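> 3D model of this:
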Amino acid sequence: MPVYHKLGQIPAKRHTVFRKPDGNLYAEELVSTEGFSSLYSLVYHCHPPTIVKHLGESYSVEPKIAREKHLKHTSLIGFKVKPEDDYLQSRKPVLVNSDLHIVLAAPRKSMTDYFYKNSQADEMIFVHEGSGKLKTGFGEIKFAYGDYLIIPRGTIYQLDFDTEENRLFILESFSPLRPPKRYLNQFGQLMEHSPYCERDLRLPENLQTHDEYGDFKVLIKKQGLIYPYTYGTHPFDYVGWDGYHYPYAFSIHDFEPITGRLHQPPPVHQTFEGHNFVVCSFVPRKYDYHPDSIPAPYNHSNVDSDEVLYYVDGDFMSRKSVVKGQITLHPGGIPHGPHPGTVEKSIGKEKTDELAVMIDPFKPLMLTQDALDIEDENYHKSWQINVE
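Have a look, this model is predicted:
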């Protein structure tokens, strides 16, 4: 995220002597992206971050592809994913391609016995149910219903939940996940016409330095494998840091909708982007105010992208029988649109209370076995009408 931030103690100049009270040096670490060419932070550890005591056997968490090629409107009932105690075991990839993985999770327990690092993907964790704290070496971020947690690749973290009732919608992005370029000026500041600004972002705070020796298990994900590392010092031993590479939170409730006299296309709802995909937020908003406007979306042929919609809450004027946690996938190549009767019903309506997250990838998505286990097999027939 292109906002400079710092916490804790740091020296006046980078790459200079910075000593502990006992006279020993703190260990400086550069956490950089795209080599040395993009966002980075400088971190100061109590101990070198390289003290490995044990490396366990890696194991696969690669998604099991069940439907590689398809041309079928698909619906997944996300809340059918059964809760599990362990955070990582609860994560179920359902829709995947080479640019991103879409994952559902219903973890009951906080992460207390291990830490986790996704070394190859930025993670966007949308909190549908639950609250708690995201803990990292950069500091802590409180989270609750409606929050996007943006965790850049390489960040070691733990999730500390307040209760056992948690539902998460997770995006793993194999490219940097950032605000839309059209909302940024040449200096990286969000511009006036952006639907959110820097004030809406919640940055790490309450830096706690864990100057501890011991056995600290860090599960590191890379190329579909989990590598169990045991480090000899606590991963959160940061005494201070500064830079542009760190986790942050943004609430969907702080997204300010862009409206118009006539129906606005999905790009006005865009919130983040990565390579070959966008993320959009559909929030409560005023409907179109032309006297003859039709608020319901028109039929649409996806020519170059799939469309994924994750239903969070509210009343959706274009669809019937929508439930919380439902995912619809409308693949590129065939049209989709409002359900029968919903267009006429929408005329004259002044507002919508819908809440949803949309992901549009430009490479076709594949369905996993976990997806087929929660599929509504008749969804593609939901547009049928009686024709004589």
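> Setting aside sequence neighbours, what's the nearest residue to residue 307?
Counting by C-beta to C-beta, 6 or more residues apart in numbering, residue 330 is the residue found nearest to residue 307 once chain neighbours are left out, at 4.5 Å. In short, each C-beta sits where N, CA and C put it, glycine included.
> For that neighbour, give me its contacts.
Counting by C-beta atoms under 8 Å, 6 or more residues apart in numbering, residue 330 makes contact with 73, 302, 306, 307, 308, 309, 336.
> can you check residue 180 too?
Contact analysis of residue 180 by C-beta under 8 Å, 6+ apart lists 270, 271, 272, 273, 278.
> returning to what we had before: please render the contacts of residue 330 as CSV that adds pLDDT, distance to residue 291 and secondary structure to the earlier fields.
Putting the contacts of residue 330 into CSV (pLDDT from 0 to 100; distance: C-beta to C-beta, whole Å; DSSP: H, G, I helix; E, B strand; the rest coil) gives the following:
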residue, pLDDT, distance to residue 291, secondary structure
73, 95, 33, coil
302, 84, 30, coil
306, 95, 35, coil
307, 96, 30, strand
308, 96, 34, strand
309, 96, 29, strand
336, 90, 28, strand
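> From those, pick the one nearest residue 31.
Proximity of these to residue 31 (C-beta to C-beta) peaks at residue 308, which lies at 30.6 Å.
> Give the burial count for the closest one, as a bare number.
Using other C-beta atoms under 10 Å, residue 308 is surrounded by 25 other residues.
> Could you check how far it is from residue 28?
Relative to residue 28, residue 308 is positioned 41 Å away (C-beta to C-beta, to the nearest Å).
> In the stretch 1-150 of the chain, where is pLDDT below threshold?
The model of the stretch 1-150 of the chain has pLDDT under 70 over residues 1-2.
> so where do the strands sit in it?
5-8, 27-32, 40-45, 52-55, 59-60, 65-67, 74-77, 92-96, 100-105, 115-118, 122-129, 132-136, 139-143, 147-151 (DSSP state E, counting those that start in this stretch).
> So for residue 252, which of those sits nearest?
Relative to residue 252, the nearest member of the strands of the stretch 1-150 of the chain by C-beta to C-beta is strand 147-151, separated by 6.7 Å.
> Go ahead and report the secondary structure state at the closest residue to residue 73 other than its chain neighbours.
The shortest distance from residue 73 to any non-neighbouring residue, by C-beta to C-beta, 6+ apart, is to residue 380 (4.3 Å). With DSSP: H, G, I helix; E, B strand; the rest coil as the basis, residue 380 sits in helix.
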